[in-house]
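1. Sequence and predicted model, in that order:
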Amino acid sequence: MSLVATRFAPSPTGPLHIGGVRTALFNWLFSKNKKGKFYLRIEDTDKERSQDEYKDQIIQSLRWIGIQHDEKEYIQSKNINKHKEIAEELLKKSFAYKCYCSEEEINEQKAKAKKAGIPFTYNRKWRDPKDLEIPKNIKPVVRFKSKISGNSIVNDLVQGEINISNSTIEDFIVLRNDGSPTYQLSAVVDDHLMNISHVIRGDDHKINTFKQKQIYEAMKWKLPEFAHIPLIHSTSGKKLSKRDNASTLVDYIKIGILPDALRNYLLRLGWSYKDKEIFTLEESIQLFNLSGIGKSPSKLDMDRILSINEHYIKNIDEKKLYEMLKVYSEKYKKKIDNKYEKNLINSIYFLKNKAKKLEDIYENAQYILNDNIQISSEDIKLLDEPSKIILKDFLNEYEKVSKKNKNNLEKIIKKLIDKHKTNFKGIGQPLRIALTGSKFGPAIYDILLSLDKNEVVKRLKIIK
RNA sequence: GGUCCCAUCGUCUAACGGUUAGGACAGGUGGUUUUCAAUCACCCAAUCGGGGUUCGAUUCCCCGUGGGACCGCCA
């Protein structure tokens, strides 16, 4: 069996789309499963819209989620001369022809077709130019001579057999009037040159396959296998658009989704393996296959993403989780001050239990990360006179404690419960408000142990 | 409009002719708990409609309905 090689071929015209991430993931998993290669090809032949910064961003994004491409990334624009050569060859072998229709002429035809309510297809005017005079002022485009009759079949590894009437494929352009190659040509030439064995891409490319197949056949090149994966839809069921605010990878990174969690979620979106929900990286490589991919589009579900993320937050190594939080905070929130680092590290074990995303940990840790805590006017009312007396008593006992540990703290609280004829809540509630500024939060002992002694004293003394 | 594709709980999906149609997320109820969570137990919830084929259809075929993709000198 020949080597499996897949590629991810985004155009660097914007931040990486979440659907693109999944396409990349599937390509990567498939090739790794087959012990093959995975390449990254930047399709930057649209000079107007392509930007270098996006190229770098794409590479970084893939790296973030754990996808590493083999070799150096291919830059499509660097291969343009080769694409042109192939176009010349197609021309020479009369698989293609020059079309001298002006843009105006084509637009006119389009308008006419629209008016008549029929679909526009180029009328193949220059396919047989024997009675036509070549206009001098028009630079021609090169069109591929598509098959006119019969049917074409593609055996798609996901979609199954797709049968299409050749008459519906127009004579598509392979070279623009400035001599530059179009996507249909460039993609085929590059895939061939890169020895791509499996083209795994979005459903939206399905019809292109029938154009591209004809180029392969004309050049007598070996056709790769095709697998068109269903698109991801927004919650509303429409194609995911940039306006959906959860359409690009960074949208997820900035709320604190973990790479493994997103990888796991994306893997299970449109693909399944029995009843299994959680896949380690190794498992996903081992178990991934094309036959597990469903045929219908799937909707993005933030609840599920959060739920998987929560799972990873709870199960990941705490040191790693802290490192991620640190990077996350600096990039999207506020850099964690060195002086709080130790207390934060020691608190991760309980902070992570209340979090679905890094953002939650960050927010719940605010009482550790700020010396000046704010108590809302609502909560300050809960600190009534009896509560304040309890707090004062607690402070007295607390200051006497030589060693800050749970055991000693328990003793104090028990003593106060007896003395004030109250329950744990009667002491815990005011303490929590005084120390964190909120009536919701971590367990009392956790809070007490997560702050330095002088800080606890300071916060309690403020309450008058 | 034309071409192509798709259709199981609200969502992601399992069941590749025989299951009380399973799991997960979300939702609900209760237990546990110093708050909020978390956690545990239980519950609710689906085969788009109509015809066939078959002893038997979620599964195969046809029609309808619904949804989607494509129809650029973008990729």
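-> Right, received. Where do you want to start?
2. Go through stretch A:122-132 and list whatever outside residues touch any part of it.
-> Residues outside stretch A:122-132 that contact it (Cβ atoms under 8 Å, 6 or more residues apart in numbering): A:Tyr97, A:Lys98, A:Cys99, A:Tyr100, A:Cys101, A:Ile106, A:Gln109, A:Pro140, A:Arg143, A:Lys145, A:Glu170, A:Asp171. For every residue, glycine as well, the C-beta is placed using N, CA and C.
3. taking the residues you listed one by one, which sit in helices?
-> Per DSSP state H, helices hold the following members of the contacts of stretch A:122-132: A:Ile106, A:Gln109.
4. out of the contacts of stretch A:122-132, who's near RNA strand B?
-> With Cβ under 7 Å from any atom of the strand as the criterion, the contacts of stretch A:122-132 include A:Cys101, A:Ile106, A:Glu170 near RNA strand B.
5. How about the first one, nearest residue that isn't a chain neighbour?
-> Going back to what we said before, that points to A:Cys101. Among residues not flanking A:Cys101 along the chain, A:Lys125 sits closest, at 6.1 Å (Cβ to Cβ, 6 or more residues apart in numbering).
6. just to revisit the earlier point, just the contacts of stretch A:122-132: which has the poorest pLDDT?
-> Note: of the contacts of stretch A:122-132, the lowest pLDDT belongs to A:Gln109, at 83.
7. excluding its backbone neighbours, what's nearest the residue in the stretch 251-400 of chain A positioned nearest to RNA strand B?
-> Of all residues in the stretch 251-400 of chain A, A:Ser296 sits closest to RNA strand B, at 2.8 Å by Cβ to the nearest atom of the strand. Leaving aside its chain neighbours, A:Ser296 sits nearest to A:Pro230 (5.8 Å; criterion: Cβ to Cβ, 6+ apart).
8. wait, isn't the one you found in contact with A:Trp271?
-> No - contact criterion Cβ atoms under 8 Å: A:Pro230 and A:Trp271 do not qualify, at 10.2 Å.
9. Comparing those two, which residue is more hemmed in?
-> Neighbour count, other Cβ atoms under 10 Å: between A:Pro230 and A:Trp271, A:Trp271 has more, with 24 against 18.
10. The more buried one: what's it in contact with?
-> Per Cβ under 8 Å, 6+ apart, neighbours of A:Trp271: A:Phe26, A:Phe288, A:Gly292, A:Ile293, A:Gly294.
11. Assign a three-state SS to the residue nearest to the second one when sequence neighbours are not counted, would you?
-> Using Cβ to Cβ, 6+ apart and skipping residues adjacent in sequence, the residue nearest A:Phe288 is A:Leu29, 4.0 Å away. Using DSSP: H, G, I helix; E, B strand; the rest coil, the structure places A:Leu29 in helix.
12. Would you check how far apart A:Leu29 and RNA strand B are?
-> Applying Cβ to the nearest atom of the strand, to the nearest Å, the value for A:Leu29 to RNA strand B is 15 Å.
13. who's in contact with that residue?
-> Contacts of A:Leu29 (Cβ under 8 Å, 6+ apart): A:Leu267, A:Ser284, A:Ile285, A:Phe288.
14. mind giving me CSV with these and columns for secondary structure?
-> CSV is the format used below for those (three-state DSSP):
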residue, secondary structure
A:Leu267, helix
A:Ser284, helix
A:Ile285, helix
A:Phe288, coil
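15. What's the ChimeraX syntax to select whichever of these are buried?
-> In ChimeraX, this line selects whichever of the contacts of A:Leu29 come out buried by 16 or more other Cβ atoms under 10 Å:
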select /A:267,284,285,288
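16. OK, now which residue of the stretch 1-150 of chain A is nearest to RNA strand B?
-> Closest point on the stretch 1-150 of chain A to RNA strand B, by Cβ to the nearest atom of the strand, is A:Glu43, at 2.7 Å.
17. Read off the pLDDT value for that residue.
-> pLDDT, A:Glu43: 97.
18. Could you pull out the buried residues of stretch A:386-399?
-> Quick answer for stretch A:386-399 (16+ other Cβ under 10 Å): A:Ser387, A:Ile390, A:Leu391, A:Asp393, A:Phe394, A:Leu395, A:Glu397, A:Tyr398.
19. Residues of the stretch 251-400 of chain A that sit close to RNA strand B?
-> Selection of the stretch 251-400 of chain A residues close to RNA strand B by Cβ under 7 Å from any atom of the strand yields A:268-272, A:274-275, A:277, A:292, A:294-299, A:301, A:303-304, A:307, A:353-354.
20. buried subset of those?
-> Buried among those by 16+ other Cβ under 10 Å: A:Arg268, A:Leu269, A:Gly270, A:Trp271, A:Pro297.
21. Turn these into a markdown table, columns for pLDDT and secondary structure.
-> Shown next, in a markdown table, are these (pLDDT from 0 to 100; DSSP: H, G, I helix; E, B strand; the rest coil):
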| residue | pLDDT | secondary structure |
| --- | --- | --- |
| A:Arg268 | 97 | helix |
| A:Leu269 | 96 | coil |
| A:Gly270 | 95 | coil |
| A:Trp271 | 97 | strand |
| A:Pro297 | 94 | coil |
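22. can you tell me which residues contact the spatially closest residue to A:Lys222 that is not a sequence neighbour?
-> Leaving aside its sequence neighbours, A:Lys222 sits nearest to A:Tyr216 (Cβ to Cβ, 6+ apart; 7.5 Å). Neighbour list for A:Tyr216: A:Val188, A:His192, A:Lys222, A:Leu223 [criterion: Cβ under 8 Å, 6+ apart].
23. is it true that A:Gly237 lies in a helix?
-> No - under three-state DSSP, A:Gly237 falls outside any helix and is assigned coil.
24. Tell me which residues touch the residue lying closest to it once chain neighbours are set aside, please.
-> Excluding its sequence neighbours, the residue lying closest to A:Gly237 (Cβ to Cβ, 6+ apart) is A:Lys299, at 6.4 Å. Taking Cβ under 8 Å, 6+ apart, we find A:Lys299 in contact with A:Ile232, A:His233, A:Ser234, A:Thr235, A:Gly237.
25. what's across from A:Lys299 in the sheet?
-> Note on A:Lys299: beta-bridge partners by DSSP bridges are A:His233.
26. Check what pLDDT it gets.
-> 94.
27. and A:Ile345, how many residues sit next to it?
-> A:Ile345, neighbours per other Cβ under 10 Å, totals 17.
28. Would you agree it falls within a helix?
-> Yes - counting by three-state DSSP, A:Ile345 is located in a helix.
29. I'd assumed A:Tyr322 was in contact with it.
-> Yes - using Cβ under 8 Å, A:Ile345 is in contact with A:Tyr322, at 5.5 Å.
30. With distance to A:Pro430 as new columns, can the buried ones among the residues of the stretch 251-400 of chain A next to RNA strand B be given to me in CSV?
-> CSV is the format used below for these (distance: Cβ to Cβ, whole Å):
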residue, distance to A:Pro430
A:Arg268, 45
A:Leu269, 46
A:Gly270, 51
A:Trp271, 51
A:Pro297, 53
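31. any weak-confidence spans in chain A?
-> For chain A, residues meeting the criterion pLDDT under 70 lie at A:1, A:242-243, A:245.
32. ok so, going back, list the contacts of the residue nearest to A:Ser296.
-> By Cβ under 8 Å, 6+ apart, A:Pro230 lies in contact with A:Val158, A:Asp203, A:Gly270, A:Ile293, A:Gly294, A:Lys295, A:Ser296, A:Pro297, A:Ser298.
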